[in-house]
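Trainee: Take this sequence and fold it.
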Amino acid sequence: MPSAMPARVRVGAIDVMVITEAGLADTVAAGWRSRRGGWIVTANVDIVRAATRDPQLAALVAQAEVVVADGMPVVWAGRLAGAAIKERVTGASLVFTLSERAAAEGRSVYLVGGDEGVPEAAGRVLAERYPGLRVAGAYSPPYGFDADPGRLRKVVERVSAAAPDLVLVGLGFPKQERMIALLRAELPGAWHLGCGAGIPMAAGQFSRAPALLQRSGGEWLHRLALEPRRLARRYLVHDAPFALRLLAQGLRIRLRER
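Mentor: This is a model prediction of the structure:
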C-alpha cells in the first residue's frame, strides 16, 4: 500500500477517504504486489448512522484501511466540510472494478453472502466477464451462522483455506465487517470488501438504478421500489432525517474552518 495515504474527512462518527474508484483499484493492486492486504468499508448513510449511534460500530469501521463514500449524502456532507470527494464509490460497483483488476493481476476472488446459489452465480458472471479471474470459491452461509462462534469460525476457516487474494463479503452491516475483522487475521495479504447487496446484484438477482439516478442521489428510490417492505422504514424513518443532519454537520465544519 502506498505510504502517502489520501486525505480523509469526518462524516458523522467516521473518517471517509478522499479517493476515486480508479484510485482505490490502484491502491489494491499496489497492495497485492507488496503482499499487503487491506479492508474496505463502503460507508452509505445507513452505515454512518449506525456507527454514529454506536461507538463500538464506529471503532469497528475505524479498523479498516479504507473507508469510502457510498451514498451521495455522504459525498455531499464531505464536500460541504471542504473535502474534494470527486465521486461516490459503491460496493456494488467495486465488485466489478476490483474483480477486473484482480483478473489483470492474475489474482483470485472468493464470494461470501447472498441466497443459496447466488454467490456461485455471481462468481460465474465475474469469471466470464473478466478472463483470467480465478474464482477460489463461493459460499452462502446459513441464516444465523454469525450468532454461533463455532459456525462463524468454520466459515472463516473455509474462506481462509482457499487462500484468495480478494474476498467479497455481502452480509450487510455490521455482519460483514465483523467477519472481515476475523478474516484479516487469517489472510493479511488479501483485500476484503464489505459489499452489501453487491453479490446478488452481480448475479442479476437485483438491478441497479439508471446511471442518472445514481449520480443525482436517487438510487435509494430504486432500491425502495424493489424491496419496499424491507427498506421503507430504514430509508424513510431513519436514513432520510439522518442524511439532513450529516449535511448540517458538513456545513458547520466548513464555517468553523473559515
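Trainee: Give me the pLDDT value at P210.
Mentor: As summarised for this prediction, P210 has a pLDDT of 70.
Trainee: Kindly apply the preceding question to G91 instead.
Mentor: At G91, the pLDDT recorded in the model is 96.
Trainee: Wait, it touches D70, no?
Mentor: Yes. G91 is within contact range of D70, at 5.9 Å (criterion: CB atoms under 8 Å). C-betas here are computed from N, CA, C, even on glycine.
Trainee: The spatially most central residue of the chain: what's it in contact with?
Mentor: Closest to where the C-alpha atoms of the chain average out (CA atoms, centre = their mean) is T42, at 3.4 Å. Contacts were defined as CB atoms under 8 Å, 6 or more residues apart in numbering; by that measure T42 touches V68, D70, V89, T90, G91, L94, L193, G194, C195, G196.
Trainee: which SS class is the first one?
Mentor: Meaning V68. strand (DSSP: H, G, I helix; E, B strand; the rest coil).
Trainee: Between G91 and D70, which has more neighbouring residues?
Mentor: A direct count of neighbours by other CB atoms under 10 Å for G91 and D70 places D70 higher, at 28 against 25.
Trainee: gap between the more buried one and V135?
Mentor: Computed with CB to CB, to the nearest Å, the distance linking D70 and V135 is 24 Å.
Trainee: and if you look at A197?
Mentor: Distance from A197 to V135, by CB to CB: 19 Å.
Trainee: Drop anything exposed from the contacts of T42.
Mentor: Under a neighbour-count criterion of 16 or more other CB atoms under 10 Å, the subset of these counted as buried comprises V68, D70, V89, T90, G91, L94, L193, G194, C195, G196.
Trainee: can you tell me which of the residues you listed are in strands?
Mentor: V68, L193, G194 (DSSP state E).
Trainee: got any ranges where this protein has weak pLDDT?
Mentor: By pLDDT under 70, the low-scoring segments of the chain are 1-6, 207-209, 212-218, 220-224, 237, 258.
Trainee: any chance of the buried ones among the contacts of T42 in CSV, with distance to R124 too?
Mentor: What follows is these, written out as CSV (distance: CB to CB, whole Å):
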residue, distance to R124
V68, 27
D70, 25
V89, 25
T90, 22
G91, 20
L94, 19
L193, 19
G194, 22
C195, 17
G196, 20
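Trainee: Show me which of the residues you listed is closest to G82.
Mentor: V68 (17.7 Å; CB to CB).
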